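Undergrad: For reference, the sequence and a predicted model appear below.
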Number of protein chains: 2
Amino acid sequence: MANENIRVVLVEPTHPGNIGATARAMANMGLRRLYLVSPKAFPTEDAYARAAGANWVLDEAVVTESLDQAIADCDFLIATTARSRAVDWPSLSPKEAAAKVVEASNAGQVGLLFGRESRGLKNDEIDRCQFLVHIPSDEEFSSLNLASAVLLMAYEMRMLTRQVVPAEPPVEAEYQPANDRQMQGFYRHLETTLSDIDFIKATSSTKLMRKIIRVFNRSRLSVEEVNILRGILSTIQQRRQ
Amino acid sequence: MANENIRVVLVEPTHPGNIGATARAMANMGLRRLYLVSPKAFPTEDAYARAAGANWVLDEAVVTESLDQAIADCDFLIATTARSRAVDWPSLSPKEAAAKVVEASNAGQVGLLFGRESRGLKNDEIDRCQFLVHIPSDEEFSSLNLASAVLLMAYEMRMLTRQVVPAEPPVEAEYQPANDRQMQGFYRHLETTLSDIDFIKATSSTKLMRKIIRVFNRSRLSVEEVNILRGILSTIQQRRQ
């Protein structure tokens, strides 16, 4: 596992104590890169108190205004939730997700997204991710503390890498994964093209568009593949009546 | 797992907030029997605040003066630590310990002991236990929050017992993978369409076509997704000049 390629991204955390507890949990499990998207308050004394000495994680934390800024250079993204979702995403257990994160971290930048204390992540935020992790908490009391969710993911990653001694082989010598910005550019191009040919209507296409995006999200496109697919889209746009 | 036979025993907890956070973590993972050995303060508002609604765990918590009273009727005991110990006890990973706890809980009363925030468990307290669990936190920052230690143990127990019941997430249930015939039909349709719009020449396109096919192969399409994608192809064919 290339820990330096893994970032924990808290989206709009409300309670400073949770930021500190997250820093502590990360340090416990050997992680150190924390991103805070529009936190209600940071830095604060409460955060440092709850970090219980893991000050370096807070000192080096990156605060951004938008999620885009926090994940633009990420090649692989995972969203975490303890809730069951109405919309279906490909859902993994923490352990399955940890395996994917560890592997992806050897090839590029990985982001683990955690949502707001009150409402979790929004659907369009989850759409940015390749996988959704479902932490199997009790259905009747599923609301995990934010730092607890971070801890469980980081723990599973740590357990995996402690077992596997040999370093992962590079996925494919020439495979250069597309980062989030490139993927979002591709999806915008795709949506425009599907709208151009009247396959989707701009207003009522969210669900269908999500299904299509999921196909490519799962596939984890390389830069070259994104270029090929966008070449197809441009050709379609040129040829349309 | 016989959850009603499993108790979490906090020995001399100092911070009321940790008691509440422990109750929440237990409820998250389906445990409810909490024993408090000589807590500094209990019950308190802080504890209930941090329990975040898991009030029944605190309401039913058993407060004792001594460890003896808390574990007298236990048949199997496990002690938890994040520290390395000078003295050697038989030491288990959280997952190994969870397996023993789950098994023992079917036969009798099981206690999981967690030590003081500052100093953990004393040697003579660990001596009461059959096994010592070592939570593999980072050597340079090993001090886990008390509720975090409880959470990790309870999580491993829950994951073990969940595996037995094959309750697949809804995604899997509805996911019907496309078979090879359907995939080949899709690929032929794709190739024809790309040829129709002059993106590829029928004669010299093998390598490029293979790259495109690989994207969808990796994604493991469902029947529904193949239908959506073929719908797009048909629309492109209709709209071309």
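TA: Noted; the coordinates are in hand. These numbers were taken from a predicted model, which means no experiment stands behind them.
Undergrad: Mind listing what's buried along the helix or strand hosting A:Ala154?
TA: Assigned by DSSP states H and E, A:Ala154 belongs to helix A:146-163. For helix A:146-163, the neighbour count (16 or more other C-beta atoms under 10 Å in any protein chain shown) marks A:146-161 as buried. In short, each C-beta sits where N, CA and C put it, glycine included.
Undergrad: for stretch A:8-27, same thing?
TA: Under 16+ other C-beta under 10 Å, the buried positions of stretch A:8-27 are A:8-13, A:15-27.
Undergrad: Could you tell me which residues make contact with the residue nearest to A:Lys211 when sequence neighbours are not counted?
TA: In space, and not counting its chain neighbours, A:Lys211 is closest to B:Ile228: 6.1 Å by C-beta to C-beta, 6 or more residues apart in numbering or on different chains. Counting by C-beta atoms under 8 Å, 6 or more residues apart in numbering or on different chains, B:Ile228 touches A:Leu208, A:Lys211, A:Ile212.
Undergrad: When you filter the residues you listed down to buried only, what's left?
TA: By 16+ other C-beta under 10 Å, the contacts of B:Ile228 give A:Lys211, A:Ile212 as buried.
Undergrad: As a markdown table, the contacts of B:Ile228 with pLDDT would be great.
TA: Compiled in a markdown table, those are given as follows (pLDDT from 0 to 100):
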| residue | pLDDT |
| --- | --- |
| A:Leu208 | 87 |
| A:Lys211 | 86 |
| A:Ile212 | 89 |
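Undergrad: can I get the contacts of B:Ile228 in JSON lines with secondary structure?
TA: Listed next are the contacts of B:Ile228 as JSON lines, based on DSSP: H, G, I helix; E, B strand; the rest coil:
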{"residue": "A:Leu208", "secondary structure": "helix"}
{"residue": "A:Lys211", "secondary structure": "helix"}
{"residue": "A:Ile212", "secondary structure": "helix"}
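Undergrad: Among the contacts of B:Ile228, which one sits closest to B:Glu96?
TA: Checking those against B:Glu96 with C-beta to C-beta, the nearest one is A:Lys211 at 41.5 Å.
Undergrad: who's in contact with A:Ile78?
TA: A:92, A:97, A:100-101, A:110-113, A:129-133.
Undergrad: Excluding covalently adjacent residues, which one is nearest to A:Arg218?
TA: Per C-beta to C-beta, 6+ apart, closest to A:Arg218 is B:Ser219, 4.6 Å.
Undergrad: quick one, phi/psi of that neighbour?
TA: The phi/psi pair for B:Ser219 (degrees, to the nearest 10) reads phi -80, psi -20.
Undergrad: close to chain B, is the helix holding A:Ala154?
TA: Yes: using C-beta under 8 Å from any C-beta of the partner chain, helix A:146-163 reaches chain B at A:Ala147, A:Ser148, A:Leu151, A:Leu152, A:Tyr155, A:Arg158, A:Met159, A:Arg162.
Undergrad: what's the lowest-pLDDT member of these?
TA: pLDDT across the residues of helix A:146-163 next to chain B is at its lowest for A:Arg162, which sits at 72.
Undergrad: residues contacting that residue?
TA: B:Pro136.
Undergrad: if we can go back for a sec, which one of the contacts of B:Ile228 is nearest to B:Phe42?
TA: A:Lys211 (51.2 Å).
Undergrad: Now tabulate the residues of helix A:146-163 next to chain B in a markdown table and tack on distance to B:Thr44.
TA: Compiled in a markdown table, the residues of helix A:146-163 next to chain B are given as follows (distance: C-beta to C-beta, whole Å):
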| residue | distance to B:Thr44 |
| --- | --- |
| A:Ala147 | 21 |
| A:Ser148 | 21 |
| A:Leu151 | 24 |
| A:Leu152 | 27 |
| A:Tyr155 | 29 |
| A:Arg158 | 33 |
| A:Met159 | 34 |
| A:Arg162 | 37 |
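Undergrad: Count the residues that sit near the residue nearest to A:Gly115 when sequence neighbours are not counted.
TA: Spatial nearest neighbour of A:Gly115, chain neighbours left out: A:Leu121 (3.5 Å); criterion: C-beta to C-beta, 6+ apart. Here the count is done by other C-beta atoms under 10 Å in any protein chain shown, and A:Leu121 has 23 residues near it.
Undergrad: Break chain A down into its domains, please.
TA: Per the record, chain A has its domains at A:3-163, A:180-239, by automatic domain parsing.
Undergrad: Quickly compare those and say which is most buried.
TA: domain A:3-163 (a mean of 20; mean count of other C-beta atoms under 10 Å in any protein chain shown).
Undergrad: Please tell me how far that domain is from the chain's geometric centre.
TA: 8 Å (C-alpha atoms, centre = their mean, to the nearest Å).
Undergrad: Output the below-cut-off pLDDT ranges for chain A.
TA: A:1, A:82-90, A:163-174, A:202-204, A:241 (pLDDT under 70).
Undergrad: Relative to A:Leu31, how far out is A:Val11?
TA: Distance, A:Val11 to A:Leu31, by C-beta to C-beta, to the nearest Å: 17 Å.
Undergrad: Same check on A:Thr80?
TA: Distance from A:Thr80 to A:Leu31, by C-beta to C-beta: 14 Å.
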